[in-house]
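In: Requesting a structural model of the entry that follows:
(2 chains)
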2 protein chains.
Amino acid sequence: MRSQEIIAKKRDGEELSAGEINSFIDGICDGTWADYQISALLMAMFTRGLSIDEQDNLTRSMLHSGEVLDFSDIDAPKADKHSTGGVGDKTSLIIAPLVAACGVAVPMISGRGLGHTGGTLDKLEAIPGYNVNLSTGEFRKIIKKCGFAMAGQTAEIAPADKKIYALRDATATVPYIPLIVASIMSKKLAEGLDVLVLDVKTGSGAFMREFEDSKKLAEALVKTGMSFGVRTEAVISDMSQPLGRFVGNAHEVYECIKILKGEVDTLSQPTWVLSLELSARILVMAGVEPDIEAARELAQAALDNGSAFEKFRMNVECQNGDTQICDNPERLLDNSLIETKIVAMQSGFVSEIDTLAVGNAIVAIGGGRQKADDKIDHAVGFTCETNVTQKVNVGDTLGVLFCRSKEQADSVVSEMTAAFKISSENTQSTPQLIKEIIS
Amino acid sequence: MRSQEIIAKKRDGEELSAGEINSFIDGICDGTWADYQISALLMAMFTRGLSIDEQDNLTRSMLHSGEVLDFSDIDAPKADKHSTGGVGDKTSLIIAPLVAACGVAVPMISGRGLGHTGGTLDKLEAIPGYNVNLSTGEFRKIIKKCGFAMAGQTAEIAPADKKIYALRDATATVPYIPLIVASIMSKKLAEGLDVLVLDVKTGSGAFMREFEDSKKLAEALVKTGMSFGVRTEAVISDMSQPLGRFVGNAHEVYECIKILKGEVDTLSQPTWVLSLELSARILVMAGVEPDIEAARELAQAALDNGSAFEKFRMNVECQNGDTQICDNPERLLDNSLIETKIVAMQSGFVSEIDTLAVGNAIVAIGGGRQKADDKIDHAVGFTCETNVTQKVNVGDTLGVLFCRSKEQADSVVSEMTAAFKISSENTQSTPQLIKEIIS
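Out: Numbers count the residues shown, from 1 in each chain, chains lettered A, B, ... in the order given. All right, here's what the predicted structure looks like:
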């Protein structure tokens, strides 16, 4: 069937067969579908809709467009976590060593930041020397050695998704659940997992701002994971304020190491609470513990006894990172940066934090990307010193920006100040970090 | 406004402003919109729909994306004809000299054949030496000299349309009336016309097969022309069988010259009838004659007295063509071609001719294009010896194929035979050539 005929069929609202979807994905991989044909079909899918069968077939086609990893030679349950993306969202760096310390293998394939949300690969690369470009062989060897490995999506994993994602980003076809599901799940299902936990964010810094949309996405992801034979759960978590204390690549790694060393301060507490919950969900699904309470206890113990931290250090070593940052995480922080305080312009209560604006400010000062090939500055960042519902007086510090130059700071300071909405009455209730579990 | 935001707006079914549509068309022309973004918006327009305002704004933007010709220095009404495309549809070559002979100037900008329908430029290039690549200056000079000129769309005329059309063809976004209207009218309105007659085809060989669709398109085209200040009418004409006797570039020129020389045989009669009607419509709208009967008489006289033929000869000379084909049109026919008869496989009445199949067969033997950069063989063709409702006996010749090789003929002979449906009962009524006038 010619590409035009397949496009026309979806354009007219008809359901595409598995064969037609395969032909589309094959055409992406072998170059017989031009970019403009791919984007036309993606828009037709977006506007006319995809059925559950089409969504599953698209996921399956994209999954099989590349290599599907097989870790059956590793004698441990294989699990991973995936987040839909947020600001200050750094739990991967804690969850992977934590569950590895509890006997679960984590073949984690992550992405880079794009737009206002960060990416695990960028955070890891804030560690001097850390190598995220692993061959499948190296990836396997590191998992065997230290229980987890963290790498970028190779050209072999779901290559059709790479192409599709880049086009969706440029053609306003990102926010459609079946396309999101196929994109996420084709990559995650290629990791050869037994267990997958999804962290679906909701709120002003999330990709899906509305709870109901986030819930629909979470349900679709869980359903797809299960139908492909992977034990899957989703946690819908709050993104109405940055997660934990820091935003910015090096700063976030710093926060994670501090947590892994057992130094969880009040501002970092949410990072740990969410990491613990996601880890415990993995441990139960992986059959390591029979229930969530026991799993939380086991994960807490792996933090407390230092075994998770040791797993992290071993991984940094395996992936060629500078292990000195483990003993002395302050090495990650660049003292030459210019610190700019964001202060309260009135007294009252923090009623809202525009988390998207915070994420965009970090991108603007070089900590993230507008375009996929932008270079980033790992050192710049922000420390968020206030939470929603907190009482502040005029002039109080809401947070501190760490910029490369005064000009950078000046360019975002007013947006950052405006991101913190302060009202005289405390009408807001504290946002619930974990909103719902979908299983 | 970023391209993604404009795409997202239409994706969500909102109406685009004139400014947003301008930004789209500007982005096409200056290359800031990538092909995959253009095609995504075109698909969103197709599936979500365009309002009349959006259609007008798109037409206007596309029109002003390039040069708008001004022939106000030519002291005659300026008129053109445009056809939505058919098989054996060759009337331009008759209408232009005919109305020119009656005092109307015709700055005709035509296209090439693509898919099963032919194009005027390809037909003209069947005349040895004929040059369709005219600068605006040459175009003007030739119109002044002989009353009409026939050229291809230069890079200066509606450049946005060129880009959009190529993408629509590849992305199944052709058959949507507002996009068709913007494409046709942006080019025609750039010709600096006073009068435009549209020949909207309907039936199995037309782009719009169903009469109601053709009528909607005709109405939209006329409405647009009028709203841009051009006197416009549309004739909805039959394309349920090839028009006239011949299909194929050189053969069609041959048929036209024979008609212009006054030698209208029975099989060519519909070509003449339709040409006369379209010409008469132009003459009335141009104010040359007060009513359609008088206009038909004037046009018939221009044929009968040889003045139309002389205009044609003068044009061939002006555009560097070999004028010997005027006196001896048989020179256009290549005697080395292999003739293959298409014969009736049963006795009965021709109930239907699959005109699309006939057009596709001509493409297959090299007389048309699958892709815009395909080379064509001007000499190959088909002479259609039967019409719908005609009585035939088994073994009767339905038509004759003229191919370059035996293999070519063999490759299409069964499709050509099948294209002529023969039924034992004569239930079909003779297709009405001119179905409706939209004014």
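
In: what pLDDT does the residue of the stretch 301-439 of chain A found nearest chain B get?
Out: The stretch 301-439 of chain A approaches chain B most closely through A:Q370 (10.6 Å), counting by C-beta to the nearest C-beta. The way it works is simple: take the backbone N, C-alpha and C, and place the C-beta from them, glycine included. On pLDDT, A:Q370 comes in at 79.

In: What helix or strand is the closest residue to it other than its chain neighbours located in?
Out: Closest residue to A:Q370 in three dimensions, ignoring its sequence neighbours and counting by C-beta to C-beta, 6 or more residues apart in numbering or on different chains: A:V363, at 6.3 Å. Element membership for A:V363 (DSSP states H and E) is helix A:355-364.

In: And the next helix or strand past that helix?
Out: Once helix A:355-364 ends, the next helix or strand along the chain (criterion: DSSP H and E) is strand A:381-384.

In: List the strands paired with the next helix or strand after that following strand, with their directions.
Out: Next helix or strand after strand A:381-384 toward the C-terminus (DSSP H and E): strand A:391-392. Strand pairing for strand A:391-392, determined by DSSP bridges: strand A:348-353 (antiparallel).

In: which residues touch the strand it pairs with?
Out: Where contact means C-beta atoms under 8 Å, 6 or more residues apart in numbering or on different chains, the residues beyond strand A:348-353 that reach it are A:204, A:240-242, A:384, A:386-392, A:398, A:419-428.

In: at 10 Å what do you get?
Out: In this structure, residues lying in contact with strand A:348-353 by C-beta atoms under 10 Å, 6 or more residues apart in numbering or on different chains are A:87, A:203-205, A:240-242, A:344, A:384, A:386-394, A:396, A:398-399, A:419-428, A:431.

In: Do I have it right that A:K371 meets A:A170?
Out: Yes. Contact status for A:K371 versus A:A170: in contact at 9.4 Å, counting by C-beta atoms under 10 Å.

In: Who has more neighbours out of those two?
Out: Residue environment comparison for A:K371 versus A:A170 gives the larger neighbour count to A:A170, 21 against 9, counting by other C-beta atoms under 10 Å in any protein chain shown.

In: ok so, going back, right, and the residue nearest to A:Q370 touches A:G119 too?
Out: No. The criterion here is C-beta under 10 Å, and A:V363 misses it with A:G119 at 11.8 Å.

In: shared neighbours, these two?
Out: Counting by C-beta under 10 Å, 6+ apart, the shared contacts of A:V363 and A:G119 are A:G113, A:R369, A:I376.

In: which ones are touching A:I94?
Out: Contact analysis of A:I94 by C-beta under 10 Å, 6+ apart lists A:81, A:255-257, A:259-260, A:271-272, A:274-276, A:278-279, A:299, A:303, A:308-309, A:312.

In: typo on my end, A:L274
Out: In this structure, A:L274 makes contact with A:83, A:89-91, A:94-95, A:199, A:235, A:237-238, A:243-244, A:433-434, judged by C-beta under 10 Å, 6+ apart.

In: Most neighbours out of the residues you listed, which is it?
Out: For the contacts of A:L274, the largest number of neighbours (other C-beta under 10 Å) sits with A:I95, at 32 neighbours.

In: In the strand or helix carrying it, which of the residues would be classed as buried?
Out: If you go by DSSP H and E, A:I95 is part of helix A:92-101. Buried positions in helix A:92-101, judged by neighbour count with 16 or more other C-beta atoms under 10 Å in any protein chain shown: A:S92, A:L93, A:I94, A:I95, A:A96, A:P97, A:L98, A:V99, A:A100, A:A101.

In: Between those, which sits nearest B:R11?
Out: For B:R11, the nearest member of those is A:S92. The distance, counting by C-beta to C-beta, is 31.8 Å.

In: any idea how far that closest one lies from A:K123?
Out: Taking C-beta to C-beta, to the nearest Å as the measure, A:S92 and A:K123 are separated by 8 Å.

In: Need the residues touching each of those two.
Out: Shared contacts of A:S92 and A:K123, defined by C-beta under 10 Å, 6+ apart, comprise A:S110, A:M150, A:C256.

In: Now the buried members of the contacts of A:I94.
Out: A:81, A:255-257, A:259-260, A:271-272, A:274-276, A:278-279, A:299, A:303, A:308-309, A:312.

In: Could you tell me which of those belong to helices?
Out: With helices taken from DSSP state H, the overlap with those comprises A:255-257, A:259-260, A:271-272, A:274-276, A:278-279, A:299, A:303, A:308-309, A:312.
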